[in-house]
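>>> can you look at this prediction? I've put the sequence above it.
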Amino acid sequence: MTDSSDRDPSRRVFVQGTLLAAAAATLSGAACSRKRESAKVAAESPSTPKLGWAIVGLGKFATEQLLPAFQHCQRSRLAAFVSGSPDKAKRLAGRYGVDEKAVYGYETFDKLAQDRSVDVVYVVLPNSMHAEYTQRAFRAGKHVMCEKPMALNEAECSAMIAAGKAAGKRLMIAYRAQFEPHNRAAIELVRAGELGRVKLVIADHCRTIDPKEPADQWRIRRAMSGGGSLVDIGIYSLQAARYIFGEEPTEVSAQLASTPNDPRFMEVEESAVFSLRFPNGGLANCSSSYGTTNVKRYRVIGEKGYADLDPATSYEGNVLRVAKDGKPEPREVPTTNQFAAEIDHLSECIQLGKEPRTPGEEGLRDVRIMQAIYASAREGKAVKLA
Ligand code: NDP
């Protein structure tokens, strides 16, 4: 999207593991192992240069969480900004040591192809722009990190994956919770059998959406967001159910609701509840809302105990409690910066020739399931997933 509305914020809203199995490396044979070995040596050497990242879209999440996280990165550095607000971008370039010559606009985005300081493009734009800028980044010869939800529909996701393959570059979807230590600990304790067989996951992600906030204005416009609370934060509940069970759901049932006549919910749903059936007898009961107090939690219930993460997916301050014999005990989990871990993971995958833990296919799976959730709510019946 390169029209003038991109550069005019006032008009924008109107225009529009280690625990999940890593995918098999695509290289094979002797050439591949030589390549991997030399990449490994290079990546492990203290003199290995950090990869250069271009951040596309300097909004709330990018400026408040992602830019500061780079100081904690071992393999990644800020190299360029792409923004429709040149003054803001130049100010941030000064603050983060990015060369002013490496500040691009959306209309000059394709010049990144000539910028050899940039290895990876991080797409942090409204959801409707993810597909276009991911594909343009691949055409510019860069690797891509793309924010969640990956895109508006399966066709866009497939086109993004195909563009990455055609370019021979990595695509990762920014599912930070899969790099967050408390979530990692929860996955590990489930895989280690501490709770016995897990039968139920209950996950809720809710907040109040506020159209006075620029970051919330496009979220209530279907053309830019692709949906309401489900695609924005219900996706965390969906992700938790999938990474805790470690398998794919076979069936979904869902209902949506919005407060009648609330102007925020003319185009997108306020609340969603959905249940997921898993192949080995597990069920997940998930929810999301844009009309309540903040909730970011899930509970995992097994034969021998349960684990509570509350909050589960905050930027910081997450808490894990594990209950056996009904007594919940806090579990000490060393904290790390989840954004730095996620960003460095993609750099490491590029340096070592590995597939990211959350590749484009992972984003496509969620988009497909969320489309089935909407279909179930619309049709008033359970929908089977292929
Ligand atoms: P913001 O609205 O704050 O940021 C989006 C930025 O995109 C804008 O600031 C603007 O930056 C740029 N932009 C370009 N064109 C437009 C347009 N037409 N309308 C609006 N903005 C435009 O949103 P967020 O930062 O909250 O979200 C951005 C993405 O990050 C979303 O996909 C969201 O789902 C994801 N996200 C992920 C989170 C996570 O935990 N993983 C948390 C929050 C968001 P500029 O002025 O520089 O051009």
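Received it, and whenever you're ready, just let me know what you need. Numbers count the residues shown, from 1 in each chain.

>>> ok, now how distant is Ile301 from Ile202?
7 Å (C-beta to C-beta, to the nearest Å). In short, each C-beta sits where N, CA and C put it, glycine included.

>>> check Thr48 and give its pLDDT.
Looking at Thr48, its pLDDT reads 82.

>>> distance from the centroid: which residue in the chain tops it?
Asp325 (35.2 Å; C-alpha atoms, centre = their mean).

>>> what's the pLDDT at it?
Taking Asp325 on its own, its pLDDT is 83.

>>> name the nearest residue to it, ignoring sequence neighbours.
Leaving out its chain neighbours, the residue that sits closest to Asp325 by C-beta to C-beta, 6 or more residues apart in numbering is Gly305, at 7.7 Å.

>>> now do the contacts for that neighbour.
194-196, 322-325 (C-beta atoms under 8 Å, 6 or more residues apart in numbering).

>>> from the residues you listed, pick the one nearest the ligand.
Distance to the ligand across those (C-beta to the nearest ligand atom) is lowest for Val322, with 24.9 Å.

>>> look up phi and psi at that closest one.
Main-chain dihedrals, Val322, degrees, to the nearest 10: phi -120, psi 130.

>>> who's in contact with it?
Counted by C-beta under 8 Å, 6+ apart, Val322 has contacts 189, 194-195, 305-308, 328-329, 331.

>>> list buried residues within these.
The neighbour count (16 or more other C-beta atoms under 10 Å) marks 189, 195, 305-308, 331 as buried among the contacts of Val322.

>>> residues contacting the closest residue to the ligand within the stretch 151-300 of the chain?
Nearest residue of the stretch 151-300 of the chain to the ligand, counting by C-beta to the nearest ligand atom: Ala215, 3.4 Å away. By C-beta under 8 Å, 6+ apart, the contact set of Ala215 is 59-61.

>>> repeat the analysis, applying 10 Å as the threshold.
59-61, 64, 126, 209 (C-beta atoms under 10 Å, 6 or more residues apart in numbering).

>>> for whatever residue of the chain ends up closest to the ligand, phi and psi?
The ligand sits closest to Gly59 of the chain, with a gap of 1.7 Å, by C-beta to the nearest ligand atom. Phi and psi for Gly59, reported as degrees, to the nearest 10, are phi -90, psi -160.

>>> let me know how buried Glu332 is, in neighbour terms.
Counted with other C-beta atoms under 10 Å, the neighbours of Glu332 add up to 8.

>>> leaving out sequence neighbours, find the closest residue to Gly52.
Distances taken as C-beta to C-beta, 6+ apart place Ala79 nearest to Gly52, at 3.0 Å, with adjacent residues excluded.

>>> and the stretch 201-350 of the chain, which residues reach the ligand?
Selection of the stretch 201-350 of the chain residues close to the ligand by C-beta under 6 Å from any ligand atom yields 214-215, 218, 232.

>>> switch the cut-off to 5 Å
Contact residues, the stretch 201-350 of the chain versus the ligand (C-beta under 5 Å from any ligand atom): 215, 218.

>>> okay, helices next: where are they in this protein?
Ranges of helices in the chain, per DSSP state H, are 9-12, 29-44, 60-61, 67-69, 86-96, 130-139, 154-167, 181-191, 214-217, 222-225, 229, 235-245, 338-352, 360-379.

>>> could you dump the contacts of Ala215 into CSV and include pLDDT, neighbour count and distance to Val98?
Output for those, formatted as CSV (pLDDT from 0 to 100; neighbours: other C-beta atoms under 10 Å; distance: C-beta to C-beta, whole Å):
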residue, pLDDT, neighbour count, distance to Val98
Gly59, 98, 19, 17
Lys60, 98, 13, 19
Phe61, 98, 16, 18
Glu64, 98, 11, 17
Pro126, 98, 22, 22
Ile209, 98, 21, 32
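
>>> between these, which sits nearest Ser288?
Using C-beta to C-beta, Ile209 is the member of the contacts of Ala215 that lies nearest Ser288, at 11.1 Å.

>>> could you find the closest non-adjacent residue to the closest one?
Among residues not flanking Ile209 along the chain, Tyr290 sits closest, at 4.0 Å (C-beta to C-beta, 6+ apart).

>>> phi and psi next, for the one you found.
According to degrees, to the nearest 10, Tyr290 has phi -100, psi 10.

>>> so what's the residue count around it?
Neighbours of Tyr290 (other C-beta under 10 Å): 28.

>>> wait, what's in contact with it?
With C-beta under 10 Å, 6+ apart, Tyr290 has these contacts: 206-210, 216, 219-220, 228-230, 232-234, 258-259, 262, 264-265, 268-272.

>>> and if you look at Asp344?
Taking C-beta under 10 Å, 6+ apart as the test, what Asp344 contacts is 50-51, 69-70, 72-76, 179, 337, 351.

>>> among these, who's most crowded?
Counting neighbours by other C-beta under 10 Å, Ser76 comes out on top of these with 26 neighbours.

>>> tell me the pLDDT at that residue?
Reported pLDDT for Ser76: 98.

>>> run through the bridge partners of it.
Ser76 has these beta-bridge partners by DSSP bridges: Leu51.

>>> check the offset of stretch 136-143 from the chain's centre.
19 Å (C-alpha atoms, centre = their mean, to the nearest Å).

>>> please point out which parts of that stretch sit buried.
Within stretch 136-143, the residues scored as buried using 16+ other C-beta under 10 Å are 136-138, 140, 142-143.

>>> now the terminal residues of stretch 119-133, how far apart.
15 Å (C-alpha to C-alpha, to the nearest Å).

>>> ok, that stretch near the ligand or not?
Yes. Contact of stretch 119-133 with the ligand (C-beta under 5 Å from any ligand atom) involves 124-127.

>>> switch the residues you listed over to JSON lines; also include distance to Ile343.
Below are those laid out as JSON lines (distance: C-beta to C-beta, whole Å):
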{"residue": "Val124", "distance to Ile343": "12"}
{"residue": "Leu125", "distance to Ile343": "17"}
{"residue": "Pro126", "distance to Ile343": "21"}
{"residue": "Asn127", "distance to Ile343": "20"}
